[in-house]
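Visitor: Using only what follows, build the 3D model:
(one chain, ligands or ions: 1)
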Amino acid sequence: MSMTTINGRGGLPMVQIQTSWSTAEIYLQGACVTHFQVHGEAPLLFLSEHSRFEPGAAIRGGIPIIFPWFGRPPGRATQHGFARLRAWELVGLHRTGDGSATAHLSLPTTAELLSIPLDYYVTIGKTLTVELVVRNYSSAPFAFENCLHTYLAVGDIERIRVTGLQGTEYLDATAKFLRKQEAAESIRFDREVDRIYLNSRNAVEVHDPVLQRTVQVTTENSATTVIWNPWMTKARDMVDFGDEEYRRMVCVESGNVAENGIQLAVGEEARLKATYRQTKSDAPG
Ligand code: TA6
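Guide: Below you'll find the model as predicted:
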């Protein structure tokens, strides 16, 4: 197992981690995991070829950390909070007994949030696990939303199906956040999909016949799953996203959003964890 810190794209510091099973890359900018690949497998994560790599800018792909709010609530200037815009610190790398490695990053208190430090643990092995820890060292309860905005790589968006959300209520962001219920056992994509599934703690699976794999997302302390694909019109409108890149990604985001938002008592901590496990599926490509 090895770890090196290099100047990545845009000259931003990037941590490269090698284990006997896999490789990973983490930018300190936003503590964004931009790459995870099990040896002999396709990369797990999508990263736009047009992403910005500049201080203060969100990276388009990988696992952006959304905190302390999701979307753009009234009175908030930036979409999805500021954690993904900040330069985090690398605290260290810990080996675990089974040969995997855990990188620990932190965002000490920021100007906006005195005495609410963040820690982030990225465990690289046969699977990828990320865990965001928020601690309330302030003198009052702290209300926030958190979300791991994960871009999964797919072979062809029109060929995949997402399971695990049947029967779950969701807010449809493409229909003025109207509340609906998921009727389908398998969610498929032939248009923009932007759905905030609420009060759901089930595992979600992305079945990909082109990459011949299933990616399973399991979580701890996540009550919300967001499923997003921008489709072609929104893809064309995003400057940091290629017009055709919508075909090769789907966001499966895990966190606590909207009515699932968190009220953290003084002295308490909130831990949000997601694990990404891929298995080969022998479905024809
Ligand atoms: O993934 C859900 C979502 O809120 C979408 O509505 C879309 O805006 C996406 O996040 C990306 O947001 P960003 O601020 O990264 O462009």
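
Visitor: and N199, how many neighbours does it have?
Guide: Look at N199: counted by other Cβ atoms under 10 Å, it has 11 neighbours. C-beta: built from backbone N, CA, C; applies to glycine.

Visitor: Spatially, what comes nearest to whichever residue of the stretch 51-200 of the chain sits closest to the ligand if we skip its sequence neighbours?
Guide: Using Cβ to the nearest ligand atom, Q79 is the residue of the stretch 51-200 of the chain that sits closest to the ligand, at 3.9 Å. Leaving aside its chain neighbours, Q79 sits nearest to R72 (4.8 Å; criterion: Cβ to Cβ, 6 or more residues apart in numbering).

Visitor: what helix or strand is the one you found on?
Guide: Using DSSP states H and E, R72 maps to neither a helix nor a strand.

Visitor: Can you list the helices and strands that the lengthiest strand in the chain packs against?
Guide: For the chain, the strand that runs over the most residues, judged by DSSP state E, is strand 269-280. Helices and strands touching strand 269-280, as assessed by 3 or more Cβ pairs under 8 Å, 6 or more residues apart in numbering; DSSP states H and E, comprise strand 128-135, strand 146-148, strand 213-220, strand 249-256.

Visitor: wait, which of those is closest to Y170?
Guide: Counting by Cβ to Cβ, Y170 lies closest to strand 249-256 out of the helices and strands packed on strand 269-280; the figure is 12.3 Å.

Visitor: for that closest one, packing partners?
Guide: When contacts are defined as 3+ Cβ pairs under 8 Å, 6+ apart, strand 249-256 packs onto strand 146-148, strand 151-153, strand 204-208, strand 213-220, strand 224-229, strand 269-280.

Visitor: What about I6, how many residues nearby?
Guide: By the criterion of other Cβ under 10 Å, I6 has 10 neighbours.

Visitor: so what's A42 up against?
Guide: Counting by Cβ atoms under 8 Å, 6 or more residues apart in numbering, A42 touches A153, G155, L211, R213.

Visitor: pLDDT value on it, please?
Guide: pLDDT recorded at A42 is 97.

Visitor: where does the residue in the stretch 101-250 of the chain that the ligand sits nearest to land on pLDDT?
Guide: Across the stretch 101-250 of the chain, no residue is closer to the ligand than W228, which sits at 3.5 Å (Cβ to the nearest ligand atom). On the pLDDT scale, W228 is placed at 98.

Visitor: Can you point out the buried residues in stretch 259-279?
Guide: Under the neighbour-count criterion of 16 or more other Cβ atoms under 10 Å, stretch 259-279 has N260, G261, I262, L264, A270, L272, K273, A274, T275, Y276, R277, Q278 buried.

Visitor: what's the answer for stretch 223-243, then?
Guide: Neighbour counts over stretch 223-243 (16+ other Cβ under 10 Å) mark 223-231, 235, 240-242 as buried.

Visitor: for stretch 196-213, same thing?
Guide: Residues 196-198, 200, 202, 204-211, 213 are the ones in stretch 196-213 that count as buried (16+ other Cβ under 10 Å).

Visitor: Next, the angle from the longest strand of the chain to strand 128-135.
Guide: Interaxial angle of strand 269-280 relative to strand 128-135 (axes from the mean of the first three to the mean of the last three Cα atoms, to 10 degrees): 170 degrees.

Visitor: tilt between strand 269-280 and strand 204-208?
Guide: Orientation note: strand 269-280 sits at an angle of 30 degrees relative to strand 204-208 (the same axes, to 10 degrees).

Visitor: Neighbours of L47, how many?
Guide: Counted with other Cβ under 10 Å, residues neighbouring L47 total 21.

Visitor: Mind pulling up the pLDDT for it?
Guide: Here the pLDDT value assigned to L47 is 98.

Visitor: Over to T96?
Guide: Value listed for T96 in the pLDDT field: 86.

Visitor: What of P284?
Guide: On the pLDDT scale, P284 gets 54.

Visitor: Enumerate the residues of the stretch 101-250 of the chain near the ligand.
Guide: Proximity of the stretch 101-250 of the chain to the ligand is confined to A173, D194, V226, W228 under the rule Cβ under 6 Å from any ligand atom.

Visitor: and which of those is nearest T110?
Guide: V226 (24.1 Å).
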